[in-house]
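K.L.:
Fold the following for me, if possible:
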Amino acid sequence: MAGADTYSPPIESRTDLIEAMSRGCKPESEWRIGTEHEKHVFHTNPLRPVAYEGPNGINALLNGIEAETGWHPFYDGENPIGLRNDEIAGGISLEPGGQFELSGSPQKDLHASAAELAEHMRVTKKVAATLDIHFLGLGVTPIWSVDQIPSMPKSRYGIMKPYMEKVGTLGTSMMFRSATVQTNLDFSSEADMVKKLRVALALQPVATALFANSPFVDGRESGYLSFRSHIWLNTDNARTGMLPFVFEQGFGFEQYADYALDVPMYFVIRDGKYVNVAGESFRRFLEGRLPQLPGEKPTIKDWEDHLSTIFPEVRLKQFLEMRGADMGDEQSVTALSAFWTGLLYDDISLEAAYEMIKPWTREERERMRHDVPKLGLDAPHDRSNVFDVAAQAVGIAEAGLVRRNRLNAEGKDETIHLAPLEETIRLAKTPAERWIDRFRNQWNGDVTRVFAEAEM
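P.N.:
Down below sits the predicted model:
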């Protein structure tokens, strides 16, 4: 952050809290697909993480991409911490351990999402090659501990890190050595939001299994297929999880606002600086009773900032954020958006998915969430396992994409972007299990081989 804060009106009533989400409602003709992904950065000579500073650091990478694209930097104090393009939404930002993130701009179809990603990777790899910077498509960095990974100069992370160390056992692993893919989708109304949120939450463990891609940690097998997902079970239970209240009768924007009010805060931004309010209550803030800002009441921007610090498996803002997948290769990034677009953006598929998940109990949903990080597609469910649910869900998504009938220049529809998931179903093996096979056989137990084979 730099300079003065942009004016934001004060919160006058509960209606303002609800409208921060409900104003995202839009007609189907305006629905878009947003894809975000984080990739690990590393040097090869010698093999090591990438620092922010220095002639071959993250700052140099940002400067090179700025020169290549004309995107302009934004700052935390004097340090560039990302790039924006004023002509489109989205941009490049840094996660705590230097994970290099593209928040893609909203796209009309999956073909456009894939093209945006391909162009980003082309430019980023062109600049990175001169700096001996490489990108790793895994959910968790496979060999470095948290203490070995340089920290990026972002004030919010200086607040979050000590707080994470108090409230969970793996919160700093989430910050510094995990990487995810996220799909952002729209809704037309409160009822549409509720239905989509329920489907997305119930199927989030299924997505985690399909995209499980973090089997290594600290130079060895982690014991999990998605160690990244296991990390989230041990991060901060007050702001993570499967949100069981979403499945209760009467759920809507207001109930989500009530939930968010009780999630402990991290920070408030004032005069371009982060004020540490970690653990404080937004309800107290509404009453002007924050000890750090006595008598001051929040603005709409403060509420929106707070909503962005909540990390459930699916997050509600002015759109829905599906957050359950490990980072993978370039094709798998778009495959996540293909999976969710096929399920949620076609009425027939959405209804089929809803009918599938509707009988599931809270206990069944929670059991899947806890079993999948270790067992992946083999996690038990009902009288079968998650594999059967995943195969059915991919089939429903495929049918939805066929009905959408969005064709590329070659006349192919969006189902081409499901190819990585179809391969996983065909093999009945997650990406993680395929890496483990190589680790135990071709690699002779040398996990560093993954840096070459999983490089993007």
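K.L.:
pretty sure Asn79 is in contact with Gly57, am I right?
P.N.:
No: between Asn79 and Gly57 there is no contact under Cβ atoms under 8 Å: 11.2 Å. All C-beta atoms are positioned from the backbone trio N, CA, C, and that covers glycine.
K.L.:
What count of nearby residues applies to Phe311?
P.N.:
Number of residues near Phe311 (other Cβ atoms under 10 Å) recorded here: 17.
K.L.:
The nearest residue to Ala118 once chain neighbours are set aside and His417, how far apart?
P.N.:
Closest residue to Ala118 apart from its sequence neighbours, by Cβ to Cβ, 6 or more residues apart in numbering: Glu330 at 7.2 Å. Distance, Glu330 to His417, by Cβ to Cβ, to the nearest Å: 11 Å.
K.L.:
show me what contacts Tyr266?
P.N.:
Residues near Tyr266 by Cβ atoms under 8 Å, 6 or more residues apart in numbering: 156, 159-160, 163, 277-278, 306, 309.
K.L.:
One more: Ala335?
P.N.:
211, 417-421.
K.L.:
Can you say which of those are buried?
P.N.:
For the contacts of Ala335, a burial check counting by 16 or more other Cβ atoms under 10 Å picks out 211, 417-418, 420-421.
K.L.:
what's the host helix or strand of Ile269 packed up against?
P.N.:
Element membership of Ile269 [criterion: DSSP states H and E] is strand 267-270. Counting contacts by 3 or more Cβ pairs under 8 Å, 6 or more residues apart in numbering; DSSP states H and E, strand 267-270 is packed against helix 155-167, strand 273-276, helix 300-307.
K.L.:
buried stuff in that strand?
P.N.:
In strand 267-270, counting by 16+ other Cβ under 10 Å, buried: 267-269.
K.L.:
And for stretch 155-175?
P.N.:
With burial defined by 16+ other Cβ under 10 Å, the residues of stretch 155-175 counted as buried are 155-157, 159-161, 163-164, 168, 170-175.
K.L.:
Now flag whichever of those is closest to Ala325.
P.N.:
Of all the buried residues of stretch 155-175, Met174 has the smallest distance to Ala325: 14.5 Å, by Cβ to Cβ.
K.L.:
was I right about the closest one contacting Leu233?
P.N.:
No: with contact defined as Cβ under 8 Å, Met174 and Leu233 do not form a contacting pair (10.3 Å).
K.L.:
Can you classify Glu38 as helix, strand or coil?
P.N.:
strand (DSSP: H, G, I helix; E, B strand; the rest coil).
K.L.:
Can you give me the distance of it to Ser93?
P.N.:
9 Å.
K.L.:
same thing with Val246?
P.N.:
To Ser93, Val246 is 28 Å away according to Cβ to Cβ.
K.L.:
so where's the stretch 201-350 of the chain uncertain?
P.N.:
Regions of the stretch 201-350 of the chain meeting the criterion pLDDT under 70 are absent.
K.L.:
which phi and psi does the nearest residue to Ser151 once chain neighbours are set aside have?
P.N.:
Spatial nearest neighbour of Ser151, chain neighbours left out: Pro96 (6.2 Å); criterion: Cβ to Cβ, 6+ apart. Main-chain dihedrals, Pro96, degrees, to the nearest 10: phi -60, psi -40.
K.L.:
so what's Pro96 up against?
P.N.:
With Cβ under 8 Å, 6+ apart, Pro96 has these contacts: 151-152, 154, 157, 160-161, 175-176.
K.L.:
Provide a list of residues in contact with the spatially most central residue of the chain.
P.N.:
The residue lying closest to the centre of the chain (Cα atoms, centre = their mean) is Gln182, at 3.8 Å. Residues near Gln182 by Cβ under 8 Å, 6+ apart: 35-37, 321-323, 325, 336.
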